[in-house]
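Asks: Mind looking at a prediction? Sequence and model below.
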Amino acid sequence: MIGVAQIGCYIPEKKLSNLDLLEKFKTDEAFVRDKIGVVQRARKEKDEKASDLCIKAFENLLTKQNIRSEEIECCVVVTQNPDFNIPHTSAIVHGALDLPESCASFDISLGCSGYVYALSVVTAFMQANGMNRGLIFTADPYSDIVDENDKNTALIFGDAATVTLLDADAKLKPLGFDFGTKGSGFKNLISQDKLYMNGRAVFNFTASTIPDSIHKLLDKLKLNKEQVDKWYFHQGSKYIVDTITKRAGLDKEQVIFDMYEYGNTISSSIPLLLSKDILHFQKGQKIALSGFGVGLSWASAILEQS
Amino acid sequence: MSDITIQKILNVITAANIVKDAKALELDKPLSEQGVDSLDFSGLLFSLEETLDILIPDEDVDGLLTINDIAIYIDTNK
């Protein structure tokens, strides 16, 4: 069965401080630090594309894991800010990494739920096709679409990318998933020219949906929340993670939060957190992931270390 | 507006842990001037909708600055 073996990350060195914007947006440091949870936003160079970020994440993966490109059978990129509308960004990444012609490549167009969706889609795809090694990239450079004068979004989003190595011999494996969509709310988080977010609507969606998704998944797997060792939620903001924690009745010591120094990185937020813990899980430990946002879409998963 | 509605709002503010002491809030002073930031306010509206089984559309929110504003709104629209 396919599992998560290792995760490579790329967070641009360039950072923009929210503390420099306090006066502009008539806010204070406590709000930025304790409510939004973003002190600095990671910012790519203007001419860098999603594929460039993916390639840098892959370079980081190579420092952690010995990988031969000819072993990669599947290359998937999760993004809604692709290099081009045509072709798919995964083809560009495939070419840049000199992956074999036999390697399947496709994109998944999802936002903050994208990583968890991709774990299900790609592990199932690999298993169905007898593949042993694959890559899931996440890269959604929102700096290209955020309006720097929009207080609702300008203080939140950062650029980053990750790449997850899936392997038939990996120990961290999905036990089950829960998915859902409230498509009637799609206009609440949308990019036409620039990004628009109805913060209240997105908050209401998340606060009402994600605790239910978690409990539904636990019930489906005949688990209780005390059997889950760590919770990795999409890092939308500190306020939303705190709200989910409270409404789901979770122990906040077990809920991972860390976006202070780079911001909300969309589909990269969960794998960025996971990358720090991936080698430290003990046999039998279970972790939960939940991504939510654009769509409005959500996906939750529970994984176990075997 | 009714005192019962005011009390319900204060109970929601307390349950949602929006301020340390809901009783200390001034009823006719904007919440934004009493330590309730924009995210807290979204959380308050969500809790009010859930607890009191009401719907507060986005277009009505701009007029809800104080606890009294909210109480009148709830009494008028329940």
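Replies: Here it is on my side, so go on.
Asks: in chain A, which spans are helices?
Replies: Per DSSP state H, chain A has helices spanning A:29-30, A:50-64, A:89-96, A:114-128, A:151-154, A:199-220, A:238-247, A:269-277. These are given in chain order.
Asks: Can you name the residues that contact the residue nearest to residue A:121 when sequence neighbours are not counted?
Replies: With sequence-adjacent residues excluded and distances taken as Cβ to Cβ, 6 or more residues apart in numbering or on different chains, residue A:121 is closest to residue A:108, at 6.5 Å. Where you see a C-beta, it was placed from the backbone N, CA and C, and this is true even at glycine. Each residue near residue A:108 by Cβ atoms under 8 Å, 6 or more residues apart in numbering or on different chains is listed here: A:76-79, A:114, A:117-118, A:121.
Asks: one step back: adding mean neighbour count and mean pLDDT, write the helices of chain A out as TSV.
Replies: Converted to TSV, the helices of chain A look like this (neighbours: other Cβ atoms under 10 Å in any protein chain shown; pLDDT from 0 to 100):
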stretch	mean neighbour count	mean pLDDT
helix A:29-30	10	92
helix A:50-64	21	97
helix A:89-96	21	98
helix A:114-128	21	98
helix A:151-154	18	91
helix A:199-220	19	96
helix A:238-247	21	95
helix A:269-277	23	97
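Asks: Could you tell me which residues of the stretch 151-300 of chain A lie near chain B?
Replies: Those residues of the stretch 151-300 of chain A that sit near chain B, judged by Cβ under 8 Å from any Cβ of the partner chain, are A:198-201, A:203-204, A:207-208, A:237, A:239, A:243.
Asks: In JSON lines: those, plus distance to residue A:162.
Replies: Putting these into JSON lines (distance: Cβ to Cβ, whole Å) gives the following:
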{"residue": "A:198", "distance to residue A:162": "28"}
{"residue": "A:199", "distance to residue A:162": "25"}
{"residue": "A:200", "distance to residue A:162": "30"}
{"residue": "A:201", "distance to residue A:162": "28"}
{"residue": "A:203", "distance to residue A:162": "25"}
{"residue": "A:204", "distance to residue A:162": "29"}
{"residue": "A:207", "distance to residue A:162": "26"}
{"residue": "A:208", "distance to residue A:162": "28"}
{"residue": "A:237", "distance to residue A:162": "20"}
{"residue": "A:239", "distance to residue A:162": "24"}
{"residue": "A:243", "distance to residue A:162": "25"}
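Asks: and of these, the nearest to residue A:221?
Replies: When those are compared for distance to residue A:221, the smallest value, 22.0 Å, is given by residue A:208; criterion: Cβ to Cβ.
Asks: Can you report how many residues neighbour residue A:80?
Replies: Residue A:80 has 19 neighbours, counted by other Cβ atoms under 10 Å in any protein chain shown.
Asks: Before we move on, what's the pLDDT of it?
Replies: Listed pLDDT for residue A:80 reads 96.
Asks: do residue A:40 as well
Replies: At residue A:40, the model reports a pLDDT of 97.
Asks: quick one: it and residue A:17 touch, right?
Replies: Yes. Under the criterion of Cβ atoms under 8 Å, residue A:40 is in contact with residue A:17, at a separation of 5.4 Å.
Asks: Neighbour count: the two, which is higher?
Replies: More crowded of residue A:40 and residue A:17, by other Cβ under 10 Å: residue A:40, with 19 against 12.
Asks: Around chain A, which positions in chain B sit nearby?
Replies: B:37-40, B:42-43, B:45-46, B:49-50, B:58, B:61.
Asks: which ones are touching residue A:11?
Replies: If you count contacts by Cβ under 8 Å, 6+ apart, residue A:11 has them with A:42, A:158-160, A:262, A:265, A:272.
Asks: now, the most widely separated pair of the residues you listed?
Replies: Greatest spatial distance among these (Cβ to Cβ): A:159 and A:272, at 11.7 Å.
Asks: Quickly list what's touching both of these two.
Replies: A:11, A:265.
Asks: where does the stretch 151-300 of chain A have low pLDDT?
Replies: With pLDDT under 70 as the threshold, the stretch 151-300 of chain A has no low-confidence stretch at all.
Asks: One more: chain B?
Replies: Under the criterion of pLDDT under 70, the regions of chain B flagged as low confidence span B:1.
Asks: chain center to the longest helix seen in it, what's the gap?
Replies: Among the segments of chain B that qualify as a helix by DSSP H, the longest is helix B:38-52. In terms of Cα atoms, centre = their mean, to the nearest Å, the centre of helix B:38-52 is found 7 Å from the chain centre.
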